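# this one's structure only:
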């Protein structure tokens, strides 16, 4: 457990060499990366895998605003500071990819390379398909109703929603802990609650070399937006599509993902 940015984060480290920070998303924990950690460590990297705030074994702040992405980027900064890491290869999936994008934008001198899995740049133009796929984000805004529905009848909603993919049994075990389900849904409430339209904030382009990965079995995120993220990257850009994998690429296509990561990091 590491005290970082005012909260306690569970963190694992494996291997030695250039640091690689792996950031998971919903409803996962650092266990998501279990097929990547040993390969990267054997490849000569120092692999750092935290449970992000509100997930897994890390602390669960009570207030919704605690889960705003700017606070989570603060976690990344504090974690790197605590571990004595000046720059790291940053890899993220799902919410972890959103955090990785913003870390590269806000803390460009801390990101050696960026790898984002499934999630586009926040300013990538939305598509009709993405609006259709993101219906659950609105459902999650209903405090209490969402919690009761997701876990009703032995988590039937979650089982249906994930289509049996991902770390379902581990996610149910983690989300069954007191306060854990609400903490995880607060990521959506803090960052994706409906707001009045207005001009987007100005953000600098991503300077880090960026690898974007999307899988054609993703039912929640549109690959067109991931492709169009190239317009917001100033550094070298590479896009890879993995056929046959669900949203949970690290679990469904570990060998292909490991191959892409090792090739990208070595370049």
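Sure, I can see it. Remember, it's a predicted structure, so these values are computed and weren't measured experimentally.
# got the phi/psi numbers for the nearest residue to residue 41 once chain neighbours are set aside?
Closest residue to residue 41 in three dimensions, ignoring its sequence neighbours and counting by Cβ to Cβ, 6 or more residues apart in numbering: residue 15, at 3.0 Å. The way it works is simple: take the backbone N, C-alpha and C, and place the C-beta from them, glycine included. Note on residue 15: its backbone torsions stand at phi 80, psi 180 [degrees, to the nearest 10].
# which residues touch residue 210?
104, 113-116, 229, 233, 235-238 (Cβ atoms under 8 Å, 6 or more residues apart in numbering).
# So which of these is the closest to residue 19?
Using Cβ to Cβ, residue 113 comes nearest to residue 19 of the contacts of residue 210, at 11.2 Å.
# for the helix or strand hosting that closest one, what is the average pLDDT?
Element membership for residue 113, per DSSP states H and E: strand 111-117. Averaging pLDDT along strand 111-117 yields 98.
# From the contact counts, what lies against it?
strand 88-93, helix 95-106, strand 210-217, helix 254-266 (3 or more Cβ pairs under 8 Å, 6 or more residues apart in numbering; DSSP states H and E).
# partner strands of it, parallel or antiparallel?
Strand 111-117 has its sheet partners listed here by DSSP bridges as strand 88-93 (parallel), strand 210-217 (parallel).
# Go through the helix or strand that it is followed by and flag the buried ones.
As assigned by DSSP H and E, the chain's next helix or strand after strand 111-117 is helix 128-133. For helix 128-133, burial by neighbour count (16 or more other Cβ atoms under 10 Å) applies to residue 130.
# show me what contacts residue 79?
2, 4-5, 9, 11, 21, 48, 50.
# burial measure for the closest residue to residue 253 other than its chain neighbours, as a count.
Excluding its sequence neighbours, the residue lying closest to residue 253 (Cβ to Cβ, 6+ apart) is residue 245, at 4.2 Å. For residue 245, the neighbour count with other Cβ atoms under 10 Å is 23.
# and if you look at the one 4 residues further on?
Each residue near residue 249 was counted by other Cβ under 10 Å, and the total is 23.
# Please, where are all the strands along the stretch 151-267 of the chain?
210-217, 237-246 (DSSP state E, counting those that start in this stretch).
# Could you save those strands as TSV and add columns showing mean pLDDT and distance to residue 64?
Converted to TSV, the strands of the stretch 151-267 of the chain look like this (pLDDT from 0 to 100; distance: least, Cβ to Cβ, whole Å):
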stretch	mean pLDDT	distance to residue 64
strand 210-217	98	29
strand 237-246	97	29
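# was I right about residue 225 contacting residue 118?
No. At 10.2 Å, residue 225 does not count as touching residue 118 under the criterion of Cβ atoms under 8 Å.
# May I see the buried residues of stretch 247-259?
247-254, 256-258.
# Which two of those residues have the greatest separation?
247 and 258 (17.9 Å).
# Other residues contacting stretch 177-184?
26-27, 53-55, 60-62, 67, 143, 147, 150-151, 174-175.
# How about stretch 107-116?
By Cβ under 8 Å, 6+ apart, the residues outside stretch 107-116 that reach it are 18, 73, 76-77, 80, 86-92, 97, 100-101, 103-104, 204, 206-213, 226, 229, 261, 264-265.
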